[in-house]
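# below is the sequence, then the predicted model.
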Amino acid sequence: MAATIIDGKAFAARLRARIGEQVTSLRRDHGLVPGLAVVLVGEDPASQVYVRSKGKQTIEAGMKSFEHRLPVETSETQLLALIEKLNADPEVHGILVQLPLPPHVNADLVINAIDPAKDVDGFHISNVGLLGTGQKAMVPCTPLGCLMMLRDHHGSLSGMEAVVLGRSNIVGKPMAQLLLGDSCTVTIAHSRTRDLPAVCRRADILVAAVGRPEMISGDWVKPGATVIDVGINRIERDGKTRLVGDVDFDSVAAVAGAITPVPGGVGPMTIACLLANTLTAACRANGLAEPEGLTA
Ligand code: GUN
């Protein structure tokens, strides 16, 4: 039986529309306009595309967008000074420093200089600790988007066997924490895991976040499992550049119960969740009730 396609593009559009309505009410009832500052250092082409897209969607949601594009030679001290300024700016409710940063900058130092209440990426050690201990945190956008789609598809995730393939701080580790928070039995697998296909075949929920094009094939997947593909890999095929996930879509879709496509799955949810986090941060900063269903 062919798998159900989980349409992240449509889900993200509905989420953005809901956020837009909330932003309109905030402006009307409280004169509050959520603001997101995005900092880009250098000219990495992929980062430039993401930052442009973030700015555009922020404005479309009725929020303020502040873009800071800095030259690649920007020093750590200069970057920290900008973060200080943004931390103190009452119009800025969310701060995102686009990664990767150039090698001469200590990314951990910069991220941990962001006010945790404005850390809409959820990368600050305080937010990592809050998430890990089940407290109210800013939750990283990509895993939050995956969780929203899983909850929407399954309702309760309680008792399900989840395997997260990948152990990054941006996706793998926070994804595992979120699934644990929803009472899944969670395994984090990675490149050194023994018999990776057998581990993946245990999963009712398989989240692939390894950055290896089409690595997961149908024989790695339990029949009926839900497969979330976080990978966004550019490959050359038949003389064309194509975007593919970490999952071999056709062979996995023939076995899985549900699957997110690439493109149009997790990707659009990430920016929608960034907007959700910015709205949540603006409400919390102003002592207002935060809209329901926008965070974990
Ligand atoms: N680079 C790749 N993914 C991300 C992300 O989620 N946040 C930031 N800040 N940089 C990234």
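Happy to help now that I have it. Numbering: from 1, shown residues only.
# which one is the residue minimising distance to the centre of the chain nearest to, not counting chain neighbours?
The residue lying closest to the centre of the chain (CA atoms, centre = their mean) is Thr142, at 1.5 Å. Leaving aside its sequence neighbours, Thr142 sits nearest to Thr270 (CB to CB, 6 or more residues apart in numbering; 4.7 Å). To be clear about C-beta, it is placed using only N, CA and C from the backbone, and glycine gets the same treatment.
# and whichever strand or helix holds the one you found, what does it pack onto?
If you go by DSSP states H and E, Thr270 is part of helix 266-285. Other helices and strands packing on helix 266-285, by 3 or more CB pairs under 8 Å, 6 or more residues apart in numbering; DSSP states H and E, are helix 8-30, strand 35-41, helix 45-60, strand 94-97, helix 141-154.
# pull the contacting residues for the closest residue to Ala37 other than its chain neighbours.
Using CB to CB, 6+ apart and skipping residues adjacent in sequence, the residue nearest Ala37 is Phe66, 4.1 Å away. Shown in contact with Phe66 (CB atoms under 8 Å, 6 or more residues apart in numbering): Gly35, Leu36, Ala37, Val38, Leu86, Glu91, Val92.
# circling back to that earlier point, right, and the residue nearest to the centre of the chain touches Ile271 too?
No: contact between Thr142 and Ile271 fails when scored by CB atoms under 8 Å: they sit 9.9 Å apart.
# before we move on, back to that, pull up the gap between the residue nearest to Thr142 and Ala208, please.
15 Å (CB to CB, to the nearest Å).
# going by proximity to the ligand, name the top residue of the stretch 101-250 of the chain.
Asp121 (4.8 Å; CB to the nearest ligand atom).
# could you report the neighbour count for the closest residue in space to that residue that isn't next to it in sequence?
When the adjacent residues along the chain are set aside, Asp121 lies closest to Leu96, with 5.4 Å between them (CB to CB, 6+ apart). With neighbours defined by other CB atoms under 10 Å, the count for Leu96 comes to 23.
# which pLDDT value goes with Leu96?
Here the pLDDT value assigned to Leu96 is 98.
# my guess is it contacts Thr58, does it?
No: taking contacts as CB under 8 Å, Leu96 lies outside contact range of Thr58: 10.1 Å.
# can you list residues touching both of those two?
With CB under 8 Å, 6+ apart, Leu96 and Thr58 have common neighbours Leu36.
# quick revisit: higher neighbour count, Thr270 and Ala208?
Shown here are Thr270 and Ala208; by other CB under 10 Å, Ala208 has more neighbours (29 against 23).
# bridged to the more buried one, which residues?
Using DSSP bridges, the bridge partners assigned to Ala208 are Leu165, Asp229.
# for Leu70, phi and psi?
phi -120, psi 150 (degrees, to the nearest 10).
# let me see the contact set for it.
Val39, Leu40, Val41, Gly42, Gln78, Leu79, Leu82.
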